[in-house]
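A.B. asks: pasted the sequence and its predicted model underneath.
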Amino acid sequence: MITWILRRLFQSTFVVLAMTVIVFVGVHVIGNPVDILISPEADQAERARIIANMGLDQPLWKQYAYFLGGALKGDLGRSFVFNEPALKLIAQRMPATLELAVTAVLFSMTFGVPLGLYAGLKPDGFLGRTIMAGSILGFSLPSFWVGLMLIMVFAVELGVLPSTGRGTTETLFGVPWSFLTWDGLRHMFMPALNLSLFNISLVLRLTRAGVRETLPMDFVKFARAKGLSPARVIFVHVLKNIMIPVVTVLGLELGSTIAFAVVTESVFAWPGMGKLIIDSINVLDRPVIVAYLMMIVMLFITINLVVDILYMILDPRVRLGGKS
């Protein structure tokens, strides 16, 4: 297993290196930040000085070489707008996005797995059919519209939940978190629910399909023939078997949730990385955009590695295949 992990880390290094080239080149062809950040009233000398300070007077290959050298030292550049390290700006916003995404994934597990399990065990019942029909809404409704409807109902009409911001935070290990206070939890409920609707429907349908596929298998019939209780058959034999694809999907969806939480953070004014990247794109703050995209790449690679390790723990066949 150690050899396999080392091999995966070696492969991941090449993936990250390739992505640095793609991200750096891609960001540098979408526009010129000079046209936005420098006042049209600035004279030619002032304009040249600012461009030189930004490092934009160098050819692209040299800018990339500087970026790669700094990245190896943990420096992904300085923001053109804030004149602070881009990594620092992202790190300040990351806790807000992480707790929102993790809460959304927990919602997906909490609601998706039990509902999918019931729909798989009772596929022809009224409630089972209703659950499957309702899951279509999670795929179909746009998240910005759902967010606005949640605000309209729970914040405006009922007045039971706040509509924007993180609320009161509590510091843990030097980092402010919303989930440690009741006010923060109230602020986090609606954006987390909005962010989790797609994943709830995905997990629900995946669980239901896994249950329908697993129930006729021989090992389930054998467990029932041994006289095991229905609850033990379902929760020990069936549920453990179907959790393998669910863990894979949730692992990948965690990265997607973090990367694409932009809409939810904008609707609920949640001060996370999504709002920062939108503001940076509007002013073409290249260092922040590149740093954000590289952080997302590293996040996906890390999540994939963790998911593969969980695969080996959940499925003995994967462990035996890795050893061979």
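C.D. replies: Structure's in. What do you need? Numbering: from 1, shown residues only.
A.B. asks: packing partners of the host helix or strand of I303?
C.D. replies: I303 is part of helix 286-314, with elements assigned from DSSP states H and E. If you count contacts as 3 or more Cβ pairs under 8 Å, 6 or more residues apart in numbering; DSSP states H and E, helix 286-314 packs onto helix 2-27, helix 86-121, helix 239-259, helix 273-282, helix 316-323. (C-beta placed from N, C-alpha, C; glycine too.)
A.B. asks: make JSON lines out of these and add mean neighbour count and mean pLDDT.
C.D. replies: Shown next, in JSON lines, are the helices and strands packed on helix 286-314 (neighbours: other Cβ atoms under 10 Å; pLDDT from 0 to 100):
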{"stretch": "helix 2-27", "mean neighbour count": "13", "mean pLDDT": "79"}
{"stretch": "helix 86-121", "mean neighbour count": "21", "mean pLDDT": "87"}
{"stretch": "helix 239-259", "mean neighbour count": "19", "mean pLDDT": "77"}
{"stretch": "helix 273-282", "mean neighbour count": "20", "mean pLDDT": "81"}
{"stretch": "helix 316-323", "mean neighbour count": "12", "mean pLDDT": "52"}
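A.B. asks: now render the ones you listed as CSV, adding distance to M190.
C.D. replies: What follows is the helices and strands packed on helix 286-314, written out as CSV (distance: least, Cβ to Cβ, whole Å):
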stretch, distance to M190
helix 2-27, 32
helix 86-121, 11
helix 239-259, 15
helix 273-282, 16
helix 316-323, 38
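A.B. asks: touching stretch 242-261 from outside, list them.
C.D. replies: Outside stretch 242-261, the residues within contact range by Cβ atoms under 8 Å, 6 or more residues apart in numbering are 97-98, 100-102, 104-105, 108-109, 113, 195-196, 199, 202-203, 206-207, 210-211, 213-214, 270, 272-274, 296, 299-300, 303-304, 306-307, 310-311, 314-315.
A.B. asks: try stretch 186-197
C.D. replies: By Cβ under 8 Å, 6+ apart, stretch 186-197 touches 99-101, 103-105, 107-108, 111, 137-138, 141, 143, 146-147, 150-151, 154-155, 161-167, 178-179, 257, 261, 264-265, 267-268, 270.
A.B. asks: let's see 6 Å
C.D. replies: 100, 103-104, 107-108, 138, 143, 146-147, 150, 161-162, 165-167, 178, 261, 264, 268, 270 (Cβ atoms under 6 Å, 6 or more residues apart in numbering).
A.B. asks: distance check, the residue lying closest to S143 once chain neighbours are set aside against A48.
C.D. replies: Take S143 and drop its neighbours on the chain: the residue closest to it by Cβ to Cβ, 6 or more residues apart in numbering is V263, 5.2 Å away. Going from V263 to A48 by Cβ to Cβ, to the nearest Å gives 39 Å.
A.B. asks: equivalent analysis for D308, please.
C.D. replies: From D308 across to A48, the span is 51 Å (Cβ to Cβ).
A.B. asks: now V81
C.D. replies: Computed as Cβ to Cβ, the V81 to A48 distance reads 20 Å.
A.B. asks: for V175, phi and psi?
C.D. replies: phi -120, psi 130 (degrees, to the nearest 10).
A.B. asks: nearest residue to it other than its sequence neighbours?
C.D. replies: Spatial nearest neighbour of V175, excluding adjacent residues (Cβ to Cβ, 6+ apart): P95 at 5.0 Å.
A.B. asks: with V105 instead?
C.D. replies: Nearest-residue entry for V105: L254, 5.3 Å, with adjacent residues in sequence omitted and distances by Cβ to Cβ, 6+ apart.
A.B. asks: pull the number of nearby residues for the residue nearest to R205 when sequence neighbours are not counted.
C.D. replies: Spatial nearest neighbour of R205, chain neighbours left out: S135 (5.8 Å); criterion: Cβ to Cβ, 6+ apart. If you count neighbours by other Cβ atoms under 10 Å, S135 ends up with 22.
A.B. asks: got the contact list for S135?
C.D. replies: Taking Cβ under 6 Å, 6+ apart, we find S135 in contact with S201, L204, R205.
A.B. asks: how close does the spatially closest residue to V306 that is not a sequence neighbour sit to A48?
C.D. replies: Leaving aside its chain neighbours, V306 sits nearest to G251 (6.5 Å; criterion: Cβ to Cβ, 6+ apart). Distance, G251 to A48, using Cβ to Cβ: 49 Å.
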